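Peer 1: sequence plus predicted model, see below.
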Amino acid sequence: MPPPLVWKPRPCDEAAATRLSAELGLSPIIARLLAIRGHHDPEQAARFLRPSLDHLLDPWRLADMARNSAGIVAIELLAAAQGIDFRAPLRTSASLQQVHALVRSRVAFYDHDRYFAPDIEATYEELKSSGANIVDPLEKKPWGLWQFTVEDLDGNVFHIHHD
């Protein structure tokens, strides 16, 4: 049986809680909770309580995230195929065996370190020749990466790239 839970109250800056309550017109309980959570400045606490879209970071700062994530997905696909090989003679599901066979039809087992770019290109060619829904063909993008986009049967879109 687990031991009983014991509440351990956090210390509160009472002066900050009083200031928040007075300047923001908050109940003392809410002001105290904010102070305990580290919101001591009334302007910062008001911003926390009344968020707006202009408080968010510029979404263009995330532009590289999708591209980098796509590269990670491509590498994970190659790594997953490698993992299936290492687990032999155990077998995976029938659908994953098909994906594995597709990858291995163009990309050899990694028995030594090598550059991934040709393997990503080979995977693209195999997907294309097998009738996969290639949303965007393999091409060099303005940001310097070679990339293609494929959509699976469930509508999931994968951007696969290399530099």
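Peer 2: That came through, no problem. What you see is a predicted model, and the numbers here were worked out from it, not measured in a lab. Numbers count the residues shown, from 1 in each chain.

Peer 1: just the helices in this protein please.
Peer 2: For the chain, helices defined by DSSP state H occupy the ranges 14-24, 28-36, 42-49, 63-86, 94-106, 117-129.

Peer 1: how many residues are close by the residue lying closest to residue 151 once chain neighbours are set aside?
Peer 2: Of all residues not flanking residue 151 in the chain, residue 133 sits nearest, at 4.4 Å (CB to CB, 6 or more residues apart in numbering). C-beta: built from backbone N, CA, C; applies to glycine. Neighbourhood size, residue 133 [other CB atoms under 10 Å]: 13.

Peer 1: hang on, isn't residue 133 packed against residue 148?
Peer 2: No. With contact defined as CB atoms under 8 Å, residue 133 does not count as touching residue 148 (11.3 Å).

Peer 1: save the helices of the chain as TSV, and put in mean neighbour count, mean pLDDT and distance to residue 161 too.
Peer 2: Converted to TSV, the helices of the chain look like this (neighbours: other CB atoms under 10 Å; pLDDT from 0 to 100; distance: least, CB to CB, whole Å):
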stretch	mean neighbour count	mean pLDDT	distance to residue 161
helix 14-24	17	96	48
helix 28-36	18	94	44
helix 42-49	15	93	38
helix 63-86	14	75	5
helix 94-106	14	84	16
helix 117-129	17	75	7
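
Peer 1: quick one: residue 97 and residue 91 touch, right?
Peer 2: Yes. Residue 97 lies in contact with residue 91 (CB under 8 Å); the separation is 6.7 Å.

Peer 1: so the protein: which segments form each domain?
Peer 2: Domain ranges of the chain: 14-50, 64-162, per automatic domain parsing.
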